[in-house]
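1. okay, sequence plus prediction incoming.
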Amino acid sequence: MDDMKTRKRNLIMFPLGTVGRDMMYNLFINFLMVYILFTRSLTVAQLSAITAIMIAARVFDAVNDPIMGNIIERTRTRWGKFKPWLVIGILSTSVVIYLTFNTDLQGWSFVWFFGVMYFMYSITYTMHDISYWGMVPALSSDANARNQFTSRATLCAGIGGTLATMLIPMFTTGDMAIGGSAKTAYGVIALIIAVLAPLFLCFTVFGVKERRDYKEAPPISFKKIWTTITGNDQLLWVSLAFLIQQVGNGIVVGGIGSIYVYFDFGYEGGLYTLFTTVGMAATAFLMVFYPAISRRLDRKPLMRILLMISLVGYVVTIVSGLLLPSSTLKFVLIVLGFMLSNFGQYGFYLVMMISILNTVEYNEYKTGDRDEAIISSLRPFLTKLGGAIIVLITNLSYIIFKVTDFSNGISDIENAASKATEAAHGNAAEIAEIAAQKSADIAEILKGVSASQTSGLLLCMTLLPCVLMLISYFIYKRHYKLDEAEYDRICKVIEERKAKA
(Lines give C-alpha, C1' and ligand atoms only; values in the text may rest on other atoms or scores of the structure.)
Protein backbone atom coordinates (compact mmCIF):
# COMPACT_ATOMS: atom_id res chain seq x y z
CA MET A 1 0.00 0.00 0.00
CA ASP A 2 2.75 2.41 0.97
CA ASP A 3 4.28 2.55 -2.54
CA MET A 4 5.40 5.91 -3.89
CA LYS A 5 2.71 6.26 -6.57
CA THR A 6 -0.12 5.69 -4.10
CA ARG A 7 1.54 7.88 -1.49
CA LYS A 8 1.88 10.80 -3.91
CA ARG A 9 -1.78 10.57 -4.88
CA ASN A 10 -2.86 10.31 -1.26
CA LEU A 11 -0.73 13.33 -0.34
CA ILE A 12 -2.86 15.38 -2.74
CA MET A 13 -6.32 13.89 -2.29
CA PHE A 14 -6.36 13.33 1.47
CA PRO A 15 -5.55 16.91 2.58
CA LEU A 16 -7.99 18.52 0.11
CA GLY A 17 -10.87 16.68 1.74
CA THR A 18 -10.75 18.73 4.93
CA VAL A 19 -10.94 22.25 3.48
CA GLY A 20 -14.73 22.40 3.61
CA ARG A 21 -14.92 20.48 6.88
CA ASP A 22 -12.85 23.11 8.62
CA MET A 23 -14.89 25.94 7.15
CA MET A 24 -17.89 24.19 8.68
CA TYR A 25 -16.12 23.69 12.00
CA ASN A 26 -14.97 27.30 12.11
CA LEU A 27 -18.45 28.64 11.43
CA PHE A 28 -20.11 26.53 14.10
CA ILE A 29 -17.48 26.63 16.84
CA ASN A 30 -15.94 30.07 16.49
CA PHE A 31 -18.85 32.18 15.18
CA LEU A 32 -21.96 30.58 16.65
CA MET A 33 -21.86 32.64 19.85
CA VAL A 34 -21.15 35.83 17.89
CA TYR A 35 -24.15 35.00 15.68
CA ILE A 36 -26.32 34.48 18.75
CA LEU A 37 -25.15 37.65 20.50
CA PHE A 38 -25.80 39.84 17.48
CA THR A 39 -29.10 38.29 16.32
CA ARG A 40 -30.79 37.33 19.62
CA SER A 41 -31.70 39.45 22.63
CA LEU A 42 -30.72 37.34 25.63
CA THR A 43 -31.37 37.52 29.32
CA VAL A 44 -28.64 36.37 31.70
CA ALA A 45 -30.71 33.22 32.34
CA GLN A 46 -30.94 32.44 28.62
CA LEU A 47 -27.21 33.04 28.09
CA SER A 48 -26.51 30.79 31.07
CA ALA A 49 -28.77 28.09 29.60
CA ILE A 50 -27.00 28.29 26.25
CA THR A 51 -23.67 28.04 28.06
CA ALA A 52 -24.85 24.94 29.95
CA ILE A 53 -26.10 23.35 26.71
CA MET A 54 -22.81 23.99 24.92
CA ILE A 55 -20.74 22.60 27.79
CA ALA A 56 -22.96 19.52 28.18
CA ALA A 57 -22.96 18.86 24.43
CA ARG A 58 -19.19 19.18 24.14
CA VAL A 59 -18.58 16.90 27.11
CA PHE A 60 -21.02 14.41 25.56
CA ASP A 61 -19.25 14.86 22.24
CA ALA A 62 -15.87 14.27 23.85
CA VAL A 63 -17.07 11.06 25.52
CA ASN A 64 -18.68 9.99 22.26
CA ASP A 65 -15.42 10.27 20.29
CA PRO A 66 -13.73 7.08 21.61
CA ILE A 67 -17.05 5.24 21.19
CA MET A 68 -17.23 6.38 17.58
CA GLY A 69 -13.60 5.39 17.17
CA ASN A 70 -14.41 1.90 18.40
CA ILE A 71 -17.36 1.64 16.02
CA ILE A 72 -15.16 2.69 13.11
CA GLU A 73 -12.49 0.20 14.20
CA ARG A 74 -15.16 -2.52 13.94
CA THR A 75 -16.58 -1.41 10.57
CA ARG A 76 -15.92 -3.75 7.64
CA THR A 77 -17.27 -2.79 4.21
CA ARG A 78 -16.15 -2.96 0.59
CA TRP A 79 -15.31 0.76 0.94
CA GLY A 80 -13.15 0.20 4.02
CA LYS A 81 -13.86 1.22 7.60
CA PHE A 82 -13.43 4.98 7.29
CA LYS A 83 -15.20 6.14 4.12
CA PRO A 84 -18.81 5.11 4.94
CA TRP A 85 -18.70 7.26 8.07
CA LEU A 86 -17.12 10.15 6.16
CA VAL A 87 -20.12 10.25 3.81
CA ILE A 88 -22.84 9.76 6.44
CA GLY A 89 -21.25 12.28 8.78
CA ILE A 90 -20.62 15.11 6.31
CA LEU A 91 -24.10 15.01 4.76
CA SER A 92 -25.93 15.00 8.09
CA THR A 93 -23.69 17.77 9.47
CA SER A 94 -24.50 19.95 6.46
CA VAL A 95 -28.21 19.69 7.24
CA VAL A 96 -27.61 20.65 10.88
CA ILE A 97 -25.43 23.62 9.91
CA TYR A 98 -28.06 25.00 7.54
CA LEU A 99 -30.93 24.67 10.02
CA THR A 100 -29.00 26.21 12.92
CA PHE A 101 -28.30 29.47 11.11
CA ASN A 102 -31.67 29.78 9.36
CA THR A 103 -34.30 30.20 12.07
CA ASP A 104 -36.43 33.13 13.24
CA LEU A 105 -36.95 31.78 16.76
CA GLN A 106 -36.23 34.07 19.70
CA GLY A 107 -36.16 33.77 23.48
CA TRP A 108 -36.62 30.41 25.17
CA SER A 109 -37.97 28.84 21.95
CA PHE A 110 -34.61 29.54 20.35
CA VAL A 111 -32.77 28.15 23.39
CA TRP A 112 -34.63 24.80 23.09
CA PHE A 113 -34.06 24.67 19.32
CA PHE A 114 -30.41 25.53 19.85
CA GLY A 115 -30.05 22.66 22.33
CA VAL A 116 -31.36 20.10 19.84
CA MET A 117 -29.20 21.41 16.99
CA TYR A 118 -26.06 21.59 19.12
CA PHE A 119 -26.34 17.99 20.25
CA MET A 120 -27.09 16.87 16.68
CA TYR A 121 -23.97 18.67 15.49
CA SER A 122 -21.94 16.90 18.18
CA ILE A 123 -23.07 13.51 16.90
CA THR A 124 -22.85 14.12 13.15
CA TYR A 125 -19.53 16.00 13.05
CA THR A 126 -17.88 13.29 15.14
CA MET A 127 -18.69 10.68 12.49
CA HIS A 128 -16.57 12.26 9.78
CA ASP A 129 -13.99 13.90 12.03
CA ILE A 130 -12.91 10.64 13.70
CA SER A 131 -12.98 8.87 10.32
CA TYR A 132 -10.88 11.52 8.62
CA TRP A 133 -8.05 11.79 11.14
CA GLY A 134 -8.23 8.06 11.88
CA MET A 135 -7.09 7.43 8.30
CA VAL A 136 -3.66 9.01 8.83
CA PRO A 137 -1.99 6.00 10.53
CA ALA A 138 -3.58 3.77 7.85
CA LEU A 139 -1.92 5.77 5.07
CA SER A 140 1.69 5.22 6.13
CA SER A 141 3.88 4.08 9.01
CA ASP A 142 6.89 5.97 7.71
CA ALA A 143 7.68 8.85 10.07
CA ASN A 144 8.50 11.36 7.33
CA ALA A 145 5.42 10.40 5.30
CA ARG A 146 3.22 10.75 8.36
CA ASN A 147 4.66 14.20 8.98
CA GLN A 148 3.77 15.08 5.39
CA PHE A 149 0.21 13.79 5.66
CA THR A 150 -0.33 15.58 8.95
CA SER A 151 1.22 18.87 7.89
CA ARG A 152 -0.56 18.92 4.52
CA ALA A 153 -3.89 18.04 6.10
CA THR A 154 -3.42 20.76 8.70
CA LEU A 155 -2.38 23.12 5.89
CA CYS A 156 -5.65 22.49 4.06
CA ALA A 157 -7.54 22.61 7.33
CA GLY A 158 -5.85 25.93 7.98
CA ILE A 159 -6.81 27.20 4.52
CA GLY A 160 -10.45 26.27 5.13
CA GLY A 161 -10.46 27.69 8.63
CA THR A 162 -8.63 30.86 7.58
CA LEU A 163 -10.99 31.48 4.68
CA ALA A 164 -13.92 31.14 7.06
CA THR A 165 -12.25 33.36 9.65
CA MET A 166 -11.52 36.02 7.02
CA LEU A 167 -14.80 36.04 5.14
CA ILE A 168 -17.44 35.32 7.79
CA PRO A 169 -16.92 38.49 9.88
CA MET A 170 -16.38 40.60 6.78
CA PHE A 171 -19.73 39.63 5.28
CA THR A 172 -21.79 39.35 8.48
CA THR A 173 -20.76 42.35 10.60
CA GLY A 174 -20.87 46.01 9.67
CA ASP A 175 -21.43 47.73 6.34
CA MET A 176 -20.60 44.72 4.12
CA ALA A 177 -23.08 42.30 5.73
CA ILE A 178 -24.89 40.21 3.11
CA GLY A 179 -28.51 41.34 2.88
CA GLY A 180 -27.84 44.29 5.15
CA SER A 181 -28.00 42.38 8.44
CA ALA A 182 -26.17 39.73 10.44
CA LYS A 183 -29.24 37.46 10.47
CA THR A 184 -29.53 37.25 6.68
CA ALA A 185 -25.76 37.06 6.19
CA TYR A 186 -25.22 34.08 8.50
CA GLY A 187 -28.06 32.19 6.82
CA VAL A 188 -26.53 32.61 3.38
CA ILE A 189 -23.02 31.72 4.51
CA ALA A 190 -24.30 28.60 6.31
CA LEU A 191 -25.94 27.43 3.07
CA ILE A 192 -22.74 27.97 1.06
CA ILE A 193 -20.59 26.06 3.54
CA ALA A 194 -23.16 23.25 3.85
CA VAL A 195 -22.75 22.68 0.11
CA LEU A 196 -18.96 23.14 -0.10
CA ALA A 197 -18.02 20.75 2.73
CA PRO A 198 -19.35 17.54 1.09
CA LEU A 199 -17.88 18.57 -2.27
CA PHE A 200 -14.38 18.95 -0.84
CA LEU A 201 -14.63 15.66 1.06
CA CYS A 202 -15.19 13.88 -2.26
CA PHE A 203 -11.42 14.23 -2.85
CA THR A 204 -10.78 11.96 0.13
CA VAL A 205 -13.70 9.58 -0.42
CA PHE A 206 -12.96 8.91 -4.10
CA GLY A 207 -9.25 9.70 -4.34
CA VAL A 208 -7.56 8.10 -1.31
CA LYS A 209 -6.44 4.51 -0.95
CA GLU A 210 -5.71 3.42 2.61
CA ARG A 211 -4.22 0.23 4.04
CA ARG A 212 -6.90 -2.40 4.66
CA ASP A 213 -4.98 -5.28 6.17
CA TYR A 214 -7.54 -5.49 8.96
CA LYS A 215 -7.70 -8.17 11.57
CA GLU A 216 -11.03 -9.74 12.47
CA ALA A 217 -13.45 -7.02 13.54
CA PRO A 218 -13.21 -6.50 17.32
CA PRO A 219 -16.45 -6.25 19.31
CA ILE A 220 -17.67 -2.83 20.39
CA SER A 221 -16.39 -2.72 23.92
CA PHE A 222 -16.14 0.07 26.47
CA LYS A 223 -13.50 -2.03 28.18
CA LYS A 224 -11.45 -2.06 24.98
CA ILE A 225 -11.67 1.73 24.71
CA TRP A 226 -10.68 2.15 28.35
CA THR A 227 -7.79 -0.31 28.32
CA THR A 228 -6.39 1.04 25.04
CA ILE A 229 -6.31 4.60 26.35
CA THR A 230 -5.29 4.00 29.97
CA GLY A 231 -2.76 1.32 29.05
CA ASN A 232 -0.80 3.74 26.88
CA ASP A 233 1.10 6.01 29.28
CA GLN A 234 2.60 8.11 26.49
CA LEU A 235 -0.86 8.73 25.04
CA LEU A 236 -2.10 9.89 28.44
CA TRP A 237 0.72 12.37 29.00
CA VAL A 238 0.62 13.92 25.55
CA SER A 239 -3.19 14.07 25.77
CA LEU A 240 -2.97 16.08 28.99
CA ALA A 241 -0.47 18.49 27.47
CA PHE A 242 -2.58 18.79 24.32
CA LEU A 243 -5.80 19.49 26.25
CA ILE A 244 -4.23 22.28 28.27
CA GLN A 245 -2.67 23.85 25.18
CA GLN A 246 -5.92 23.63 23.21
CA VAL A 247 -7.86 25.50 25.88
CA GLY A 248 -5.38 28.37 25.77
CA ASN A 249 -5.10 28.35 22.01
CA GLY A 250 -8.87 28.53 21.43
CA ILE A 251 -9.78 31.40 23.73
CA VAL A 252 -9.07 34.21 21.25
CA VAL A 253 -11.00 32.80 18.27
CA GLY A 254 -13.67 31.26 20.50
CA GLY A 255 -15.45 34.62 20.72
CA ILE A 256 -13.53 36.82 23.15
CA GLY A 257 -11.19 38.09 20.42
CA SER A 258 -13.97 39.31 18.13
CA ILE A 259 -15.95 40.96 20.93
CA TYR A 260 -12.79 42.71 22.15
CA VAL A 261 -12.01 44.05 18.65
CA TYR A 262 -15.59 45.26 18.11
CA PHE A 263 -15.78 46.89 21.54
CA ASP A 264 -12.38 48.61 21.39
CA PHE A 265 -12.05 49.49 17.70
CA GLY A 266 -15.58 49.51 16.26
CA TYR A 267 -18.35 47.23 14.96
CA GLU A 268 -16.84 46.40 11.60
CA GLY A 269 -16.22 42.85 10.44
CA GLY A 270 -13.28 43.93 8.32
CA LEU A 271 -11.33 44.80 11.46
CA TYR A 272 -11.67 41.31 12.90
CA THR A 273 -10.91 39.84 9.48
CA LEU A 274 -7.67 41.84 9.41
CA PHE A 275 -6.89 40.82 13.00
CA THR A 276 -7.27 37.10 12.29
CA THR A 277 -5.83 37.12 8.76
CA VAL A 278 -2.58 38.81 9.73
CA GLY A 279 -2.57 37.01 13.06
CA MET A 280 -2.74 33.64 11.39
CA ALA A 281 -0.56 34.45 8.38
CA ALA A 282 2.63 33.32 10.09
CA THR A 283 1.18 29.87 10.68
CA ALA A 284 1.20 29.28 6.93
CA PHE A 285 4.98 29.04 7.18
CA LEU A 286 4.68 26.11 9.60
CA MET A 287 1.93 24.50 7.54
CA VAL A 288 4.21 24.39 4.51
CA PHE A 289 7.64 23.89 6.02
CA TYR A 290 7.00 21.77 9.12
CA PRO A 291 8.15 18.49 7.46
CA ALA A 292 11.44 20.12 6.44
CA ILE A 293 11.88 21.69 9.88
CA SER A 294 11.14 18.38 11.62
CA ARG A 295 13.92 16.67 9.65
CA ARG A 296 16.46 19.15 11.00
CA LEU A 297 15.15 19.97 14.45
CA ASP A 298 13.77 17.56 17.03
CA ARG A 299 10.37 18.27 18.54
CA LYS A 300 11.37 19.33 22.05
CA PRO A 301 14.01 21.91 20.97
CA LEU A 302 11.52 23.19 18.41
CA MET A 303 8.86 23.61 21.12
CA ARG A 304 11.27 25.68 23.21
CA ILE A 305 11.78 28.08 20.30
CA LEU A 306 8.03 28.25 19.64
CA LEU A 307 7.36 28.99 23.29
CA MET A 308 9.75 31.97 23.31
CA ILE A 309 8.13 33.42 20.18
CA SER A 310 4.68 33.17 21.77
CA LEU A 311 5.83 34.79 25.01
CA VAL A 312 7.12 37.80 23.06
CA GLY A 313 3.76 38.03 21.28
CA TYR A 314 1.76 37.96 24.50
CA VAL A 315 3.91 40.68 26.07
CA VAL A 316 3.47 42.93 23.02
CA THR A 317 -0.32 42.45 23.06
CA ILE A 318 -0.75 43.05 26.79
CA VAL A 319 1.49 46.11 26.98
CA SER A 320 0.03 47.84 23.92
CA GLY A 321 -3.53 46.89 24.84
CA LEU A 322 -3.33 48.26 28.38
CA LEU A 323 -1.13 51.33 27.90
CA LEU A 324 -2.13 52.78 24.53
CA PRO A 325 -5.41 54.59 23.72
CA SER A 326 -7.61 53.13 20.97
CA SER A 327 -5.80 53.99 17.74
CA THR A 328 -4.36 52.55 14.55
CA LEU A 329 -0.97 52.03 16.24
CA LYS A 330 -2.57 50.10 19.08
CA PHE A 331 -4.48 47.90 16.63
CA VAL A 332 -1.33 47.20 14.59
CA LEU A 333 0.65 46.20 17.70
CA ILE A 334 -2.14 43.94 18.97
CA VAL A 335 -2.35 42.24 15.59
CA LEU A 336 1.44 41.78 15.55
CA GLY A 337 1.36 40.33 19.07
CA PHE A 338 -1.41 37.91 18.11
CA MET A 339 0.54 36.82 15.03
CA LEU A 340 3.61 35.94 17.13
CA SER A 341 1.67 34.18 19.89
CA ASN A 342 -0.47 32.26 17.39
CA PHE A 343 2.65 31.15 15.49
CA GLY A 344 3.99 29.44 18.60
CA GLN A 345 0.61 28.01 19.59
CA TYR A 346 0.05 26.51 16.16
CA GLY A 347 3.52 24.98 16.21
CA PHE A 348 2.65 23.33 19.53
CA TYR A 349 -0.53 21.98 17.95
CA LEU A 350 1.40 20.38 15.06
CA VAL A 351 3.97 18.81 17.36
CA MET A 352 1.37 17.30 19.65
CA MET A 353 -0.84 16.13 16.78
CA ILE A 354 2.04 14.01 15.49
CA SER A 355 3.01 12.96 19.02
CA ILE A 356 -0.50 11.55 19.57
CA LEU A 357 -0.43 9.66 16.27
CA ASN A 358 2.98 8.20 17.08
CA THR A 359 1.51 6.45 20.11
CA VAL A 360 -0.20 4.06 17.66
CA GLU A 361 3.12 2.32 17.09
CA TYR A 362 3.88 2.50 20.81
CA ASN A 363 0.57 0.73 21.43
CA GLU A 364 1.43 -1.91 18.83
CA TYR A 365 4.87 -2.31 20.39
CA LYS A 366 3.34 -2.93 23.83
CA THR A 367 0.19 -4.90 22.99
CA GLY A 368 0.42 -6.10 19.39
CA ASP A 369 -2.66 -4.04 18.39
CA ARG A 370 -2.54 -0.71 16.59
CA ASP A 371 -6.06 0.48 17.53
CA GLU A 372 -5.68 3.42 15.15
CA ALA A 373 -9.25 4.71 15.27
CA ILE A 374 -9.48 4.58 19.07
CA ILE A 375 -6.15 6.39 19.56
CA SER A 376 -6.89 8.89 16.80
CA SER A 377 -10.24 9.63 18.44
CA LEU A 378 -8.37 11.12 21.41
CA ARG A 379 -7.36 14.18 19.39
CA PRO A 380 -10.92 15.34 18.61
CA PHE A 381 -12.02 14.11 22.05
CA LEU A 382 -9.51 16.47 23.66
CA THR A 383 -10.30 19.30 21.25
CA LYS A 384 -13.99 19.10 22.13
CA LEU A 385 -13.36 18.72 25.84
CA GLY A 386 -11.12 21.76 25.59
CA GLY A 387 -13.90 23.46 23.64
CA ALA A 388 -16.28 22.93 26.56
CA ILE A 389 -13.82 24.67 28.87
CA ILE A 390 -13.38 27.48 26.34
CA VAL A 391 -17.16 27.98 26.20
CA LEU A 392 -17.27 28.23 29.97
CA ILE A 393 -14.41 30.76 30.07
CA THR A 394 -15.87 32.77 27.16
CA ASN A 395 -19.44 32.99 28.41
CA LEU A 396 -18.36 33.69 31.99
CA SER A 397 -16.32 36.58 30.64
CA TYR A 398 -19.43 37.82 28.78
CA ILE A 399 -21.39 37.74 32.03
CA ILE A 400 -18.63 39.22 34.21
CA PHE A 401 -17.93 42.09 31.81
CA LYS A 402 -21.65 42.56 30.98
CA VAL A 403 -21.26 42.04 27.24
CA THR A 404 -25.01 41.43 26.76
CA ASP A 405 -25.76 44.96 27.99
CA PHE A 406 -24.40 46.06 24.61
CA SER A 407 -24.92 43.00 22.38
CA ASN A 408 -28.68 42.95 23.08
CA GLY A 409 -28.95 46.51 21.81
CA ILE A 410 -26.94 45.59 18.72
CA SER A 411 -29.16 42.54 18.17
CA ASP A 412 -32.32 44.68 18.26
CA ILE A 413 -30.81 47.08 15.73
CA GLU A 414 -29.66 44.22 13.44
CA ASN A 415 -33.08 42.57 13.47
CA ALA A 416 -34.85 45.86 12.83
CA ALA A 417 -32.49 46.53 9.90
CA SER A 418 -33.24 43.06 8.50
CA LYS A 419 -36.99 43.70 8.53
CA ALA A 420 -36.57 47.18 7.07
CA THR A 421 -34.35 45.86 4.28
CA GLU A 422 -36.92 43.21 3.36
CA ALA A 423 -39.63 45.89 3.30
CA ALA A 424 -37.49 48.05 0.98
CA HIS A 425 -37.99 45.49 -1.83
CA GLY A 426 -34.61 46.09 -3.44
CA ASN A 427 -34.68 49.91 -3.37
CA ALA A 428 -30.92 50.61 -3.35
CA ALA A 429 -31.15 54.14 -1.96
CA GLU A 430 -33.46 53.09 0.86
CA ILE A 431 -31.29 50.07 1.72
CA ALA A 432 -28.16 52.25 1.85
CA GLU A 433 -29.95 54.66 4.19
CA ILE A 434 -31.00 51.75 6.45
CA ALA A 435 -27.42 50.46 6.57
CA ALA A 436 -26.01 53.90 7.39
CA GLN A 437 -28.53 54.39 10.20
CA LYS A 438 -27.75 50.91 11.55
CA SER A 439 -24.02 51.68 11.71
CA ALA A 440 -24.63 55.01 13.44
CA ASP A 441 -26.96 53.46 16.05
CA ILE A 442 -24.53 50.66 16.86
CA ALA A 443 -21.61 53.10 17.14
CA GLU A 444 -23.65 55.08 19.67
CA ILE A 445 -24.25 51.95 21.76
CA LEU A 446 -20.54 51.05 21.80
CA LYS A 447 -19.63 54.45 23.22
CA GLY A 448 -20.90 53.13 26.53
CA VAL A 449 -18.26 50.36 26.74
CA SER A 450 -15.78 51.19 29.52
CA ALA A 451 -11.99 50.81 29.51
CA SER A 452 -12.20 48.26 32.32
CA GLN A 453 -14.45 46.04 30.18
CA THR A 454 -12.11 46.06 27.17
CA SER A 455 -9.05 45.57 29.41
CA GLY A 456 -10.73 42.60 31.09
CA LEU A 457 -11.46 40.96 27.74
CA LEU A 458 -7.88 41.64 26.62
CA LEU A 459 -6.38 39.92 29.68
CA CYS A 460 -8.69 36.92 29.24
CA MET A 461 -7.41 36.37 25.71
CA THR A 462 -3.70 36.84 26.50
CA LEU A 463 -2.66 36.12 30.06
CA LEU A 464 -4.62 32.88 30.46
CA PRO A 465 -3.44 31.32 27.15
CA CYS A 466 0.16 32.25 28.02
CA VAL A 467 0.01 30.47 31.40
CA LEU A 468 -1.65 27.38 29.92
CA MET A 469 0.95 27.16 27.16
CA LEU A 470 3.76 27.16 29.74
CA ILE A 471 2.09 24.35 31.72
CA SER A 472 1.61 22.31 28.55
CA TYR A 473 5.25 22.72 27.57
CA PHE A 474 6.63 21.53 30.89
CA ILE A 475 4.33 18.47 30.95
CA TYR A 476 5.41 17.46 27.43
CA LYS A 477 9.09 18.09 28.08
CA ARG A 478 9.19 16.03 31.25
CA HIS A 479 6.85 13.12 30.54
CA TYR A 480 6.67 12.43 26.79
CA LYS A 481 9.42 9.92 25.93
CA LEU A 482 8.66 9.05 22.30
CA ASP A 483 11.25 11.32 20.76
CA GLU A 484 12.51 10.74 17.23
CA ALA A 485 15.13 8.15 18.20
CA GLU A 486 12.80 6.14 20.42
CA TYR A 487 10.03 6.14 17.80
CA ASP A 488 12.43 4.84 15.13
CA ARG A 489 13.62 2.10 17.50
CA ILE A 490 10.04 0.98 18.20
CA CYS A 491 9.16 0.88 14.49
CA LYS A 492 12.26 -1.24 13.80
CA VAL A 493 11.29 -3.71 16.53
CA ILE A 494 7.77 -3.99 15.11
CA GLU A 495 9.08 -4.70 11.61
CA GLU A 496 11.44 -7.35 12.98
CA ARG A 497 8.54 -9.07 14.76
CA LYS A 498 6.47 -9.07 11.56
CA ALA A 499 9.39 -10.52 9.60
CA LYS A 500 9.69 -13.41 12.06
CA ALA A 501 5.95 -14.09 12.18
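-> Thanks, I have the structure now. Residues are numbered from 1 along each chain as shown.
2. list the buried residues for the helix or strand containing Val316?
-> Assigning secondary structure by DSSP states H and E places Val316 in helix 299-323. Buried residues in helix 299-323, counted by 16 or more other C-beta atoms under 10 Å: 299, 302-303, 306-307, 309-311, 313-314, 316-318, 320-321. The C-beta positions use only the backbone N, C-alpha and C, and glycine is treated the same way.
3. would you check how far apart Pro325 and Ala451 are?
-> 9 Å (C-beta to C-beta, to the nearest Å).
4. and the helix or strand hosting Phe28, what does it pack against?
-> When elements are assigned from DSSP H and E, Phe28 belongs to helix 19-30. Here helix 19-30 touches helix 83-100, helix 107-134, helix 143-170, helix 182-207, going by 3 or more C-beta pairs under 8 Å, 6 or more residues apart in numbering; DSSP states H and E.
5. which phi and psi does Asn102 have?
-> Note on Asn102: its backbone torsions stand at phi -130, psi 70 [degrees, to the nearest 10].
6. tally of neighbours for it?
-> 15 (other C-beta atoms under 10 Å).
7. could you pull out the helices in the stretch 351-500 of the chain for me?
-> For the stretch 351-500 of the chain, the helices defined by DSSP state H, counting those that start in this stretch cover 359-367, 372-376, 378-400, 404-424, 428-446, 451-460, 463-479, 484-500.
8. more crowded one of Pro325 and Ala451?
-> More neighbours surround Ala451 than the other of Pro325 and Ala451, with 11 against 7 (other C-beta under 10 Å).
9. thought Val238 was touching Tyr480?
-> Yes - using C-beta atoms under 8 Å, Val238 is in contact with Tyr480, at 5.2 Å.
10. shared neighbours of the two, anything?
-> Residues touching both Val238 and Tyr480 by C-beta atoms under 8 Å, 6 or more residues apart in numbering: Ser355.
11. circling back: out of the helices and strands packed on helix 19-30, which gets nearest to Val391?
-> Shortest separation from Val391 across the helices and strands packed on helix 19-30 is recorded for helix 107-134, at 10.4 Å, computed as C-beta to C-beta.
12. and the helices in the stretch 201-350 of the chain?
-> Ranges of helices in the stretch 201-350 of the chain, per DSSP H, counting those that start in this stretch, are 222-230, 233-250, 257-265, 269-281, 283-296, 299-323, 328-357.
13. identify, out of the ones you listed, the most deeply packed stretch.
-> Of all the helices of the stretch 201-350 of the chain, helix 257-265 has the most neighbours on average by mean count of other C-beta atoms under 10 Å, namely a mean of 24.
14. residues making contact with that helix?
-> Contact with helix 257-265 is made by 34, 37, 169, 173, 251, 268, 271-272, 275-276, 326, 331, 338, 398, 403, 406-407, 446, 449, 453-454, 457-458, 461, as judged by C-beta under 8 Å, 6+ apart.
15. got the contact list for Val467?
-> Applying C-beta under 8 Å, 6+ apart to Val467 gives the contacts Gly248.
16. check Ser418 too.
-> For Ser418, the contacting residues are Gly179, Gly180, Ser181, Lys183, Thr184, by C-beta under 8 Å, 6+ apart.
17. can you add neighbour count, pLDDT and distance to Ile354 and give those residues back as CSV?
-> Listed next are the contacts of Ser418 as CSV, based on neighbours: other C-beta atoms under 10 Å; pLDDT from 0 to 100; distance: C-beta to C-beta, whole Å:
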residue, neighbour count, pLDDT, distance to Ile354
Gly179, 18, 82, 43
Gly180, 22, 82, 46
Ser181, 26, 85, 43
Lys183, 25, 88, 41
Thr184, 20, 89, 42
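18. of those, closest to Asn232?
-> Lys183 (47.1 Å).
19. residues in contact with the closest one?
-> Shown in contact with Lys183 (C-beta under 8 Å, 6+ apart): Thr39, Glu414, Asn415, Ser418.
20. rebuild those as TSV, extending it with pLDDT.
-> Converted to TSV, the contacts of Lys183 look like this (pLDDT from 0 to 100):
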residue	pLDDT
Thr39	90
Glu414	86
Asn415	85
Ser418	82
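21. so which of those is the closest to Phe242?
-> Thr39 (33.6 Å).
22. the closest one and Glu414 touch, don't they?
-> Yes - contact status for Thr39 versus Glu414: in contact at 6.1 Å, counting by C-beta under 8 Å.
23. shared neighbours of these two, anything?
-> Ala182, Lys183.
24. so where's the protein uncertain?
-> Where the chain drops to pLDDT under 70, the residues are 1-2, 140-143, 146-147, 211-222, 287, 373, 501.
25. now do 50
-> Counting by pLDDT under 50, the chain shows low-confidence ranges at 1.
26. give me the neighbour count for Asp3.
-> For Asp3, using other C-beta under 10 Å, the count is 7.
27. actually Ala440, sorry about that
-> Ala440 has 10 neighbours, counted by other C-beta under 10 Å.
28. got the contact list for it?
-> With C-beta under 8 Å, 6+ apart, Ala440 has no contacts at all.
29. mind doing that once more with 10 Å?
-> Residues near Ala440 by C-beta atoms under 10 Å, 6 or more residues apart in numbering: Ile413.
30. circling back to that earlier point, between the contacts of Ser418, which sits nearest Ala49?
-> Lys183 (20.8 Å).
31. circling back to that earlier point, out of the helices of the stretch 351-500 of the chain, the one nearest Met120 is which?
-> In terms of C-beta to C-beta, the element of the helices of the stretch 351-500 of the chain nearest to Met120 is helix 378-400, at 14.6 Å.
32. in the closest one, what counts as buried?
-> 378-395, 397-398.
33. and for stretch 416-427?
-> For stretch 416-427, by 16+ other C-beta under 10 Å, it's Ala417, Ser418, Ala420, Thr421, Ala424.
34. does the fourth one touch Ser181 like I think?
-> In other words, Thr421. Yes - in this structure, Thr421 is within contact of Ser181 by C-beta atoms under 10 Å, at 6.3 Å.
35. shared neighbours, the two?
-> By C-beta under 10 Å, 6+ apart, the residues touching both Thr421 and Ser181 are Ile434, Ala435, Lys438.
36. any chance of these in TSV, with distance to Gly107 too?
-> What follows is the shared contacts of Thr421 and Ser181, written out as TSV (distance: C-beta to C-beta, whole Å):
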residue	distance to Gly107
Ile434	25
Ala435	27
Lys438	22
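37. so which of those residues is surrounded by the most neighbours?
-> Going by other C-beta under 10 Å, Lys438 tops these with 24 neighbours.
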